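Colleague: Next input, structure requested:
(2 chains)
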Amino acid sequence: MYKIEIQDVSKVFRSGKSPDIVALKGIRLNVKEGEFVTIVGPSGCGKSTLLYLIAGLEVPTEGQILIDGNRVNKPDPKVGIVFQEFRIFLWRTVFKNVLFGLEVQNKLPRDRQVALAKKYIEMVGLSGFENRYPKELSGGMKQRVAIAQTLICSPEIILMDEPLGSVDSLTREVLQHEIMRLWEKERKAILFVTHSIDEAIFLGTRVVVFSARPGVIRETFDIDFPYPRTGEEKNDPKFGKLRSRIWDVIEREVVKTK
Amino acid sequence: MNLSVRFIIGFVKKWYPLILLICVWELVSRTKMVDPFYLPPFTLSMKALLEGLFVNGDIWLHIEMSLFRAVAGLISSIIVGTIIGLLMARYASMNSFLDPLISIIFPTPKLALFPVLIFWFGIGQVSKILLIGMTCFFPVVVNTYAGVKNVDKYLIWNATTKGASGRQILQKVILPAAMPFIFTGIRVASSFAFILIVASEMIAANDGLGFFIIAAERTFNSDVMFAGIILIGVLGFGFDRLILYLQKRLFVWRDIGEERAPGI
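Modeller: Numbers count the residues shown, from 1 in each chain, chains lettered A, B, ... in the order given. Predicted coordinates:
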């Protein structure tokens, strides 16, 4: 039984004056519980759009997406999504940002909400920064707030749209390890979009390679490095071979977009 | 260099235009470079002001009346303006209907319509409050619309995926995100209100600060007239400071540089 089933999904963006944009075409992908699926591909190939479709923020033009066998037609807190460039609430402190999901759902008593917020803030390493505003934080810290803000809602599926794109490479490595660590605790299904092949291989149980627009799935690679991964895998010759193979696929696609 | 000297120097640096103005004013009047009938010395004007405030207490009534009308007009325009701005941003049909109206009416000086309001509503409170309400409505609605339209779609998406209802999104995302824009609209509206209250009271009123100044002018009490002018200057300045203070408190989370509301 699959957690996510993407059945022949296409997405076309129509606008009156300009020609139609076919973002995705005939996407077929099934994701099981506990998989960490990374998605790579050239810019503008619809990777983000796919995440938005799974999250119920956009509707497919053709095909359908099933979660737990049910068709997705609107957003549901079961599916958590972390957007590119954080998109946290600038007028709220770190604490209130992380609390946001629990606050609007209002299913738990207030003191429990507060305790959870503190716990997740600590989990992402931001203890002590509860009362700071986002403007006082670095990019990496803001990203951590975004992650905590999503995880606190205990989503069953976590979507991440290039979460480490706006962060410097040192912080990026640190955050990669942190995200893996968080995932290893509960093994939720994760879909992680990235531009970095290395990141895709290092983090994922499976790498899905997208073509240029219109986005179709070109190839899928299963990654069999065991967890917990330390970073040593990057020195393994298998890693390098995988990287070249994936790069070949993408190179052909990148050339197409020029 | 001890503390008090540093304080004085800091004070002078900040306030030198005002100090200069007062000194020149006083000098020019006392030395009769300008006839003191037309330009009474600053000190005499201040004396008249203080008398009006604390000796015979005449001025308080005028201050109250002006403030009442200005605030009434301003508050109504803020309430109506933000609601309509929100509706226009939310419903494209409302926008297409109202936008052409607003683009035509906004630039036309509502003060020109004041005689009509007097004709219809008399020279009491209503005509002035209407004038201020009508004029202040426009900056508020335009800025509210811009602020709401400007809210990052991803913020709304973020809230939606975390289970927020439409009302919660409005309250917890759209309004806070748009608030800096709305506040700018309110600041502009406030400066309009100030100008209009004085102007309208000069044209047709029985009380208020505008009336106070004009009455003094007509009876050739130039020191009283300048007393009124000084008072309005101080009130306007004080009000602007208040708004700046509010802005700093409300928007702690934003990087805003020092801005002043324009005044005429």
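Colleague: for residue B:207, what are its contacts?
Modeller: B:61, B:62, B:65, B:201 (CB atoms under 8 Å, 6 or more residues apart in numbering or on different chains). C-beta coordinates here come from the backbone N, C-alpha and C atoms, glycine included.
Colleague: Now with 6 Å, please.
Modeller: Applying CB atoms under 6 Å, 6 or more residues apart in numbering or on different chains to residue B:207 gives the contacts B:62, B:65.
Colleague: per-residue pLDDT, it?
Modeller: With respect to pLDDT, residue B:207 has a value of 89.
Colleague: With residue A:21 instead?
Modeller: At residue A:21, pLDDT is 87.
Colleague: next one: residue B:7
Modeller: On pLDDT, residue B:7 comes in at 87.
Colleague: swap in residue B:107?
Modeller: The model's pLDDT for residue B:107 equals 89.
Colleague: Report the secondary structure element holding the residue sitting nearest the centre point of chain A.
Modeller: Of all residues in chain A, the one closest to the mean position by CA atoms, centre = their mean is residue A:160, 1.4 Å from it. Residue A:160 belongs to strand A:157-161 when assigned by DSSP states H and E.
Colleague: Adjacent strands (with direction) for that strand?
Modeller: strand A:79-82 (parallel), strand A:189-194 (parallel) (DSSP bridges).
Colleague: possible to save those strands as JSON lines with mean neighbour count?
Modeller: Supplementary listing: those in JSON lines, determined by neighbours: other CB atoms under 10 Å in any protein chain shown:
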{"stretch": "strand A:79-82", "mean neighbour count": "26"}
{"stretch": "strand A:189-194", "mean neighbour count": "24"}
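Colleague: a markdown table for the ones you listed, including distance to residue B:120?
Modeller: As requested, the strands paired with strand A:157-161 are exported to a markdown table (distance: least, CB to CB, whole Å):
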| stretch | distance to residue B:120 |
| --- | --- |
| strand A:79-82 | 57 |
| strand A:189-194 | 63 |
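Colleague: Just put the ones you listed in TSV and tack on mean pLDDT.
Modeller: TSV is the format used below for the strands paired with strand A:157-161 (pLDDT from 0 to 100):
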stretch	mean pLDDT
strand A:79-82	94
strand A:189-194	94
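Colleague: Near chain A, which residues of chain B are found?
Modeller: B:154, B:155, B:157, B:158, B:160, B:161, B:162, B:163, B:164, B:168, B:176, B:253 (CB under 6 Å from any CB of the partner chain).
Colleague: Among those, which pair sits farthest apart?
Modeller: For the residues of chain B next to chain A, the maximum inter-member distance is 23.6 Å, found between B:163 and B:253 (CB to CB).
Colleague: What's the local residue count around whichever residue of the stretch 151-258 of chain A sits closest to chain B?
Modeller: Residue of the stretch 151-258 of chain A nearest chain B, by CB to the nearest CB: residue A:153 (5.8 Å). Residue A:153 is flanked by 21 other residues according to other CB atoms under 10 Å in any protein chain shown.
Colleague: tell me which element the nearest residue to it once chain neighbours are set aside is part of?
Modeller: With sequence-adjacent residues excluded and distances taken as CB to CB, 6 or more residues apart in numbering or on different chains, residue A:153 is closest to residue A:101, at 4.0 Å. In this assignment (DSSP H and E), residue A:101 forms part of helix A:94-105.
Colleague: Who are the packing partners of the helix or strand following that helix?
Modeller: Once the chain leaves helix A:94-105, the next helix or strand it forms, by DSSP H and E, is helix A:110-123. Here helix A:110-123 touches helix A:94-105, going by 3 or more CB pairs under 6 Å, 6 or more residues apart in numbering or on different chains; DSSP states H and E.
Colleague: repeat that for 8 Å
Modeller: Where contact means 3 or more CB pairs under 8 Å, 6 or more residues apart in numbering or on different chains; DSSP states H and E, helix A:110-123 is packed against helix A:94-105, helix A:139-151.
Colleague: can you give me the angle the shortest one makes with helix A:110-123?
Modeller: Helix A:94-105 and helix A:110-123 are oriented at 130 degrees to each other (axes from the mean of the first three to the mean of the last three CA atoms, to 10 degrees).
Colleague: contact partners of stretch B:49-59?
Modeller: Under the contact criterion CB under 8 Å, 6+ apart, stretch B:49-59 has outside partners B:60, B:212, B:224, B:227, B:228, B:230, B:231.
Colleague: just checking, residue B:77 touches residue B:140?
Modeller: Yes: at 5.7 Å, residue B:77 and residue B:140 qualify as touching, with contact defined as CB atoms under 8 Å.
Colleague: Now the common contact residues for those two.
Modeller: Jointly contacting residue B:77 and residue B:140 under the rule CB under 8 Å, 6+ apart are residue B:189.
Colleague: can you pull out the helices in the chain?
Modeller: Unless you meant another one, I'm taking chain A. A:47-54, A:94-105, A:110-123, A:139-151, A:169-186, A:197-203, A:237-257 (DSSP state H).
Colleague: could you do chain B instead?
Modeller: Counting by DSSP H, the helices of chain B are B:3-30, B:42-50, B:58-90, B:92-105, B:114-121, B:125-149, B:153-161, B:166-169, B:175-203, B:209-218, B:222-250.
Colleague: Quick check: which of those is buried the most?
Modeller: Neighbour counts (mean count of other CB atoms under 10 Å in any protein chain shown) averaged over each of the helices of chain B peak at helix B:125-149, with a mean of 23.
Colleague: can you pull the contacts of the nearest residue to residue A:156 once chain neighbours are set aside?
Modeller: Leaving out its chain neighbours, the residue that sits closest to residue A:156 by CB to CB, 6+ apart is residue A:78, at 4.9 Å. Residues near residue A:78 by CB under 8 Å, 6+ apart: A:67, A:155, A:156, A:157.
Colleague: Reformat the residues you listed as TSV; add neighbour count and pLDDT.
Modeller: What follows is these, written out as TSV (neighbours: other CB atoms under 10 Å in any protein chain shown; pLDDT from 0 to 100):
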residue	neighbour count	pLDDT
A:67	22	93
A:155	22	93
A:156	17	93
A:157	21	95
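Colleague: I'd say residue B:181 and residue B:141 touch.
Modeller: No: Residue B:181 lies out of contact with residue B:141 (CB under 8 Å); the separation is 11.4 Å.
Colleague: Enumerate the residues of the stretch 151-258 of chain A near chain B.
Modeller: residue A:153 (CB under 8 Å from any CB of the partner chain).
Colleague: how about low-confidence regions in the stretch 151-258 of chain A?
Modeller: Low-confidence segments of the stretch 151-258 of chain A (pLDDT under 70): A:257-258.
Colleague: Chain B - how does it break down into domains?
Modeller: B:1-39, B:40-250 (automatic domain parsing).
Colleague: Surely residue A:150 and residue A:83 touch.
Modeller: No: under the criterion of CB under 8 Å, residue A:150 makes no contact with residue A:83, lying 9.3 Å away.
Colleague: Neighbour count: the two, which is higher?
Modeller: A direct count of neighbours by other CB under 10 Å for residue A:150 and residue A:83 places residue A:150 higher, at 27 against 24.
Colleague: thinking again about what came up before, mind picking the two most distant members of the contacts of stretch B:49-59?
Modeller: Greatest spatial distance in the contacts of stretch B:49-59: B:60 and B:230, 15.7 Å, computed using CB to CB.
Colleague: Let me see the backbone angles for residue A:126.
Modeller: phi -110, psi 20 (degrees, to the nearest 10).
Colleague: so how many other residues sit close to it?
Modeller: 20.
Colleague: got the contact list for it?
Modeller: Per CB under 8 Å, 6+ apart, neighbours of residue A:126: A:94, A:141, A:144, A:145, A:148.
Colleague: Neighbours of the residue nearest to residue A:153, how many?
Modeller: Neighbour tally, residue A:101, other CB under 10 Å: 27.
Colleague: cool, the one 5 residues further on as well?
Modeller: Residue A:106 has 11 neighbours, counted by other CB under 10 Å.
Colleague: And the one 10 residues further on, by the same measure?
Modeller: The tally of other residues near residue A:116 (other CB under 10 Å) stands at 19.
Colleague: before we move on, back to that, which one of the helices and strands packed on helix A:110-123 has the lowest average pLDDT?
Modeller: Comparing mean pLDDT across the helices and strands packed on helix A:110-123, the weakest is helix A:139-151, with a mean of 92.
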